[in-house]
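> any chance you can model this:
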Amino acid sequence: KMPCYRPEICFPGELLDYGVFENEPRRIRGIEIKNTAEPQYFSILSSYYDSNKHTNNANYGMFIYESLDEGSRIKSLTLDFVNQTFVGDKIAVYSVKNPAEPQYFAGFVGENTIFKAIVEVE
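Residues are numbered from 1 along each chain as shown. Below is the predicted model:
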């Protein structure tokens, strides 16, 4: 029942000798959004937790989807996770909607930024 060193462990399959992305992923630049938009609020439920007792990141995508105009379809979504949320937190999701550009979303609990996202819709 004690950890032990196992040098014979190997990884099945082949390891990649190249990166998955052509370039390193870039962080989404934050913009001041709280004074320009009305937020939608979502409560963090215990059912949103994963096995590590963290909010599963897929839930932030769900909050974005619920904040879109009815009938909108997501073409692409880029999401930066900044901070963690906990059961009972109320997350405020703000968005800037401009039909000519991708939409910017940001989620906050109090003054803490939880996520930032860029969403292209059809």
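> CA only for contacts and neighbour counts going forward, please
Will do.
> show me where the chain has strands.
Listed in chain order, the strands found in the chain under DSSP state E are 40-43, 74-81, 90-96, 103-109, 112-121.
> and for the third one, what's in contact with it?
It refers to strand 90-96. 33-34, 36-44, 63-64, 67, 103-110 (CA atoms under 8 Å, 6 or more residues apart in numbering).
> pull the distance from it to the chain's centre.
Centroid displacement of strand 90-96 relative to its chain, using CA atoms, centre = their mean, to the nearest Å, is 12 Å.
> kindly report the same for the first one.
Averaging C-alpha coordinates over strand 40-43 and over its chain gives two centres that are 15 Å apart (CA atoms, centre = their mean).
> note down every partner strand of that strand and its orientation.
strand 90-96 (antiparallel) (DSSP bridges).
> what does the last one give?
Paired neighbours of strand 112-121 in the sheet (DSSP bridges): strand 74-81 (antiparallel), strand 103-109 (antiparallel).
> next one: the first one to chain centre, how far?
Going back to what we said before, that points to strand 74-81. Distance of strand 74-81 from its chain centroid, counting by CA atoms, centre = their mean, is 7 Å.
> list the buried residues for that strand?
L79, D80, F81 (16 or more other CA atoms under 10 Å).
> pLDDT and distance to G71 added to the residues you listed, as CSV?
Supplementary listing: the buried residues of strand 74-81 in CSV, determined by pLDDT from 0 to 100; distance: CA to CA, whole Å:
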residue, pLDDT, distance to G71
L79, 92, 21
D80, 92, 25
F81, 91, 26
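> quick check, nearest of these to I28?
Of all the buried residues of strand 74-81, I28 sits closest to D80, with 6.6 Å by CA to CA.
> contacts only, for that closest one.
Counting by CA under 8 Å, 6+ apart, D80 touches R27, I28, F115, K116, A117.
> farthest pair within those residues?
Pairwise over these, using CA to CA, the maximum falls at R27 and F115, 10.9 Å.
> more neighbours: these two, which one.
The neighbour comparison of R27 against F115 (other CA atoms under 10 Å) goes to F115, with 22 against 13.
> state the distance from the more buried one to Y94.
Per CA to CA, to the nearest Å, F115 is found 10 Å from Y94.
> this completes my enquiry, with thanks.
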